[in-house]
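Asks: next input, structure requested:
(2 chains)
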Amino acid sequence: MRAKYLIGLGVILGALAYLIFGGLGQNLVYFLTPSEYLQDQGRYQNRPVRLGGLVKQGTVHYDKDKLELRFILTDGVAEVPVVHKGTPPGMFKEGQGVVVEGRFQEGIFRGTNLLVKHSEAYQAPKAGWTPEEVRKLIEEAK
Amino acid sequence: MLKVAQPDRPDALTWVFLGLGLLLLPVGLYLALSAPPDVNQGYLARIMYLHVPGAWLGYLAFFVTFLYSLLYLFRQDPRHDRVALASAEIGLVFMGLALVTGMLWARPTWGVYWTWEPRLTTTAILFAVYVGYFLLRGAIEDPELRRKAAAAVGILGFINVPISYMSVKWWRSLHQTQSIDLTTGKIHMDPAMLQALLFNLFVFTLLYLGFVRFRSLLAALEARKEEA
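Replies: Next up is the predicted model:
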């Protein structure tokens, strides 16, 4: 009786492990890097994709009147120009890791959704950061 | 976690866990609210002191369910099944807390409440599996078959816990990797924040121990009434 349970369990766990470590892992890609996209452009043409990378330093232009955000997304090898309609999220800044959902149109990646990645490291500010200073920062940002 | 005789009231240890947990909960809250803000996220990072203990308890509770489901299959003792049930229930509540606090944290930092990235997807699957655990329990009339089927789900469903935990390392994700990394032992956190987080993890664990003992007793009383 026990051996039967154990064999059954083993088979099911084995199958799950194969799914996870084998074929499934290759297909679970949350976002593409710009180089991956450029290598295989035909496959992703006119299809919504997610591109992930860093916001290149000095390339961010935000038009407040048209609510249009332009920047260059880079993975260190390839670069992609991105246009996103809407205000930049709070933690968006140059050098930040971002994931953009959207599609390519005439060589420009048109984002419909902009997600900002943040690191797993938590640091206290060097000095200050009292509630008053935070309030000031928030007011300045408006 | 189990008693030989079946008492009508929670024993002293259960009250100690519950009392200590509830007593220390405000202390944990105080530590969380006096911890320094994060350089990048400011005060938003403080959701962590609720989000991480919630997820930890979910994982821990599902592990206990896994353990007692195995025990049940080998020993066929209904008491083990009751602990598995109690733990799965608590795990579901705290995993739900982790999901909700995670969404509240994601909106101001990532920009969305939800996205189908690996950590969120695997955790949603994990949550759904344990919802299924209770659906299954409700659907089977025969007590012995119910316990066996539930044990099978409790064991097989646990595979989702390591998958959810490791998802941020195995796949490209939006969710950051572990700040207290159990696989490498590295800690990427300010000591004052770490202190507050560890204290809250400790308090939540005390509460879990109290809850699981209390809920197991309730399940035993229910079973006794059913039989009578």
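Asks: please identify the helix or strand for residue 89.
Replies: Using chain A here. Per DSSP states H and E, residue A:89 falls between elements, in no helix or strand.
Asks: meant chain B, my bad for not saying
Replies: helix B:78-109.
Asks: is chain A contacted by that helix?
Replies: Yes: using CB under 8 Å from any CB of the partner chain, helix B:78-109 comes into contact with chain A via B:108, B:109. Quick note: C-beta positions are derived from backbone N, CA and C, even for glycine.
Asks: that helix: which residues count as buried?
Replies: The neighbour-count check on helix B:78-109 (16 or more other CB atoms under 10 Å in any protein chain shown) flags B:79-92, B:94-95, B:97-99, B:101-102, B:105-106, B:109 as buried.
Asks: can you check stretch B:131-138 too?
Replies: For stretch B:131-138, by 16+ other CB under 10 Å, it's B:133, B:137.
Asks: and the helix or strand hosting residue B:198 with helix B:78-109, angle?
Replies: Element membership of residue B:198, judged by DSSP H and E, is helix B:191-227. Angle, helix B:191-227 to helix B:78-109, by axes from the mean of the first three to the mean of the last three CA atoms, to 10 degrees: 140 degrees.
Asks: what about the residue lying closest to residue B:38 once chain neighbours are set aside, how many residues nearby?
Replies: Closest residue in space to residue B:38, ignoring its immediate chain neighbours: residue B:45 at 3.7 Å, by CB to CB, 6 or more residues apart in numbering or on different chains. When neighbours are defined as other CB atoms under 10 Å in any protein chain shown, residue B:45 has 24 of them.
Asks: repeat that for residue B:208.
Replies: There are 23 residues near residue B:208, going by other CB under 10 Å.
Asks: isn't it up against residue B:61?
Replies: Yes: if you go by CB atoms under 8 Å, residue B:208 and residue B:61 touch, sitting 6.4 Å apart.
Asks: return every residue with contacts to both of those two.
Replies: B:90, B:94 (CB atoms under 8 Å, 6 or more residues apart in numbering or on different chains).
Asks: show the contacting residues for the spatially most central residue of chain A.
Replies: The centre of chain A sits closest to residue A:99, judged by CA atoms, centre = their mean, with a distance of 2.1 Å. Neighbour list for residue A:99: A:30, A:31, A:50, A:51, A:52, A:114, A:115, A:117, B:174 [criterion: CB under 8 Å, 6+ apart].
Asks: can you report phi and psi for the last one?
Replies: The one in question is residue B:174. phi -90, psi -40 (degrees, to the nearest 10).
Asks: and it, how close does it get to residue A:120?
Replies: Using CB to CB, to the nearest Å, residue B:174 is found at 12 Å from residue A:120.
Asks: and chain B, which of its residues are near chain A?
Replies: So chain B meets chain A at B:36-43, B:45, B:48, B:73-74, B:108-112, B:115-118, B:155-156, B:159, B:163, B:170-174, B:176-179, B:188-190, B:192-193 (CB under 8 Å from any CB).
Asks: out of those residues, list just those in helices.
Replies: B:48, B:73, B:74, B:108, B:109, B:118, B:155, B:156, B:163, B:170, B:192, B:193 (DSSP state H).
Asks: can you turn the buried part of those into a PyMOL selection?
Replies: Here is the PyMOL command that selects the buried residues among these (16+ other CB under 10 Å):
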select buried, chain B and resi 48+73+109+118+155+156+163+193
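Asks: closest one of the ones in helices among the residues of chain B next to chain A to residue A:63?
Replies: Closest approach between those and residue A:63, by CB to CB: residue B:108, at 23.3 Å.
Asks: pretty sure that closest one sits against residue B:44.
Replies: Yes: under the criterion of CB under 8 Å, residue B:108 lies in contact with residue B:44, with a separation of 5.7 Å.
Asks: and the nearest residue to residue A:109 once chain neighbours are set aside, how many residues sit next to it?
Replies: Excluding its sequence neighbours, the residue lying closest to residue A:109 (CB to CB, 6+ apart) is residue A:82, at 4.7 Å. When neighbours are counted by other CB under 10 Å, residue A:82 registers 24.
Asks: ranges for the helices of chain A?
Replies: Counting by DSSP H, the helices of chain A are A:2-21, A:23-27, A:34-39, A:41-44, A:131-141.
Asks: confidence-wise, which of those is weakest overall?
Replies: Lowest mean pLDDT within the helices of chain A: helix A:23-27, a mean of 52.
Asks: state the pLDDT value of the closest residue to residue B:194 other than its chain neighbours.
Replies: The shortest distance from residue B:194 to any non-neighbouring residue, by CB to CB, 6+ apart, is to residue B:187 (6.3 Å). Note on residue B:187: pLDDT of 87.
Asks: same check on residue A:120?
Replies: 83.
Asks: show me what contacts it?
Replies: B:176, B:177, B:178, B:179, B:188.
Asks: OK, contacts around residue B:131?
Replies: Residue B:131 touches residue B:92, counting by CB under 8 Å, 6+ apart.
Asks: measure it to chain A for me?
Replies: 19 Å (CB to the nearest CB, to the nearest Å).
Asks: same check on residue B:66?
Replies: 12 Å.
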